[in-house]
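Undergrad: turn this into a model:
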Amino acid sequence: MTTQALVIGAGPAGLMAADALSAAGHSVLLAEAMPSPARKLLMAGKSGLNLTRNEPFERFLDAFGEAAPRLSPMLRAFGPGEVMRWAEGLGQPVFTGSTGRVFPKAMKASPLLRAWLGRLAGQGVELRTRWRWTGWAGDAVRFDTPEGQTVLRPGVTVLACGGASWSRLGSDGTWAAHLQDVTPFQPANMGLNVGWSSHMRRHFGAPLKGVALHAGGKVSRGECVISARGLEGGGLYALSRPLREGAPLRLDLAPALTEEALRARLARPRGKASLSNHLRKVLGFDPARIALLNEFARPLPQNLAPAIKALPIAHAGPRPLDEAISTAGGLRFDALDEGLMLRARPGVFAAGEMLDWEAPTGGYLLTACMATGQCAGRAASRYLAPSGKA
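TA: Purely as a prediction, here's the structure:
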């Protein structure tokens, strides 16, 4: 079977690549291994789809760490402003929250996805589900499909196969067996294993608000949650890399106060009050913070201020890869040209989370997936029609 442009993977990066190719007038077949497209996007958007971040571009770019120089031209072409205009162009107005996060007013992912799929269908994109890519046969692309094995010989192929977490939603990383130059996957935006003592059980599900998390010279002021398995939540995600690499985690349970100010408050007369009641009264500590002190600072020192400012959290490393919000590792940038074409396979491009980069949640991850998808789609379009506009 021949086709002009093939996109493998119908997540945000693949949909954006298909959009760019079809808008340029190319016929596009979009192949998805799962029974329906963009399952991870829909799951991520259940509690509010964070599309991007409304903040100065240089601050936005800094979130991508060492991958920022390579991603910079793609994010300049399709960054936060473009994401907002793109969503509104699909009839989905957006708003910016107090922390700079941008959401569709409908909040959910499903209205945006329906509008996007409708536009792609109107541009002639043909979506095939339950088509699993199984590698190459020479220059041809093989799939297992409900109708049996299918072989395609497209003019261009864009791989947008996702990372290696949330395999139940389609991101299982099995594509790595078909490519070279792949860095091993590691969890990103992940929780930590903590072996709690029995007295912590009553605090499972309790949020930790107003704390600062320190690891590897980085600080995060986001919220996290005490769970039966350990610590989870956005406050940890920005620290994924140093924690993954073995940096110790310390909590500042009172980041608004200096150690000197803490000592002064703790020295106030306590009377007959228990230490827990004293901490509640003079510091406003909730039961979760008091429990963490008891868990990790015992025997409690006479001067509690240093422990409150830098409480060492004993943990057993990241939660399993498949539980992570996203993954680090993947197809290395040095295997790709500036248009994200594989140097070893002319006419084959790659985009999205399958590339070797990572970003925190909060709009960064999704924006970069779409930006790389657009870059790959436009470069593939130019490859098909080098003298045309794309």
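Undergrad: what are the boundaries of the strands in the stretch 101-250 of the chain?
TA: Secondary structure of the stretch 101-250 of the chain (DSSP state E, counting those that start in this stretch): strands located at 101-104, 126-129, 132-137, 140-145, 148-159, 182-188, 192-193, 207-208, 212-215, 218-220, 224-226, 230-232, 249-252.
Undergrad: hmm, who's touching the longest one?
TA: Judged by C-beta atoms under 8 Å, 6 or more residues apart in numbering, the contacts made with strand 148-159 from elsewhere in the structure are 1-9, 14, 17-18, 21, 29, 131, 133-134, 137, 139-143, 175, 347-351, 354, 373, 376-377, 380-381, 383-384. To be clear about C-beta, it is placed using only N, CA and C from the backbone, and glycine gets the same treatment.
Undergrad: for this protein, which helix is longest?
TA: helix 364-384 (DSSP state H).
Undergrad: how much space between Leu51 and Leu30?
TA: 21 Å (C-beta to C-beta, to the nearest Å).
Undergrad: quick check: pLDDT value at Gly388.
TA: With respect to pLDDT, Gly388 has a value of 45.
Undergrad: how about Gly135: what's its closest non-neighbour residue?
TA: His178 (4.1 Å; C-beta to C-beta, 6 or more residues apart in numbering).
Undergrad: residues contacting that neighbour?
TA: Here His178 is in contact with 133-136 (C-beta under 8 Å, 6+ apart).
Undergrad: neighbour count winner among Leu51 and Leu30?
TA: More crowded of Leu51 and Leu30, by other C-beta atoms under 10 Å: Leu30, with 28 against 25.
Undergrad: what about that one, which helix or strand?
TA: Assigned by DSSP states H and E, Leu30 falls within strand 28-32.
Undergrad: direction included, what does that strand pair up with?
TA: Its sheet considered, strand 28-32 pairs with strand 2-8 (parallel), strand 126-129 (parallel) by DSSP bridges.
Undergrad: the following helix or strand past the first one packs against which elements?
TA: In other words, strand 2-8. Helices and strands here follow DSSP H and E; after strand 2-8, the next one along the chain is helix 12-23. Applying 3 or more C-beta pairs under 8 Å, 6 or more residues apart in numbering; DSSP states H and E, we find helix 12-23 packed against strand 2-8, strand 28-32, helix 110-122, strand 148-159, helix 364-384.
Undergrad: may I see these organised as TSV, with mean pLDDT and distance to Ala238 added?
TA: Compiled in TSV, the helices and strands packed on helix 12-23 are given as follows (pLDDT from 0 to 100; distance: least, C-beta to C-beta, whole Å):
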stretch	mean pLDDT	distance to Ala238
strand 2-8	89	31
strand 28-32	98	31
helix 110-122	98	26
strand 148-159	97	28
helix 364-384	98	10
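Undergrad: tell me which of these lies nearest to Pro69.
TA: Proximity to Pro69, assessed across the helices and strands packed on helix 12-23 by C-beta to C-beta, is greatest for helix 364-384 (13.3 Å).
Undergrad: now that closest one and helix 12-23, what's the angle there?
TA: Comparing the axes of helix 364-384 and helix 12-23 via axes from the mean of the first three to the mean of the last three C-alpha atoms, to 10 degrees yields an angle of 30 degrees.
Undergrad: quick check: angle from helix 364-384 to strand 182-188?
TA: 150 degrees.
Undergrad: next one: helix 364-384 to chain centre, how far?
TA: 17 Å (C-alpha atoms, centre = their mean, to the nearest Å).
Undergrad: which other helices and strands contact it?
TA: Against helix 364-384 (3+ C-beta pairs under 8 Å, 6+ apart) you get strand 2-8, helix 12-23, strand 52-53, helix 68-77, helix 80-89, strand 148-159, strand 348-350.
Undergrad: going by neighbour count, list what's buried in that helix.
TA: Buried positions in helix 364-384, judged by neighbour count with 16 or more other C-beta atoms under 10 Å: 364-384.
Undergrad: domain map for the chain?
TA: 2-187+323-384, 192-313 (automatic domain parsing).
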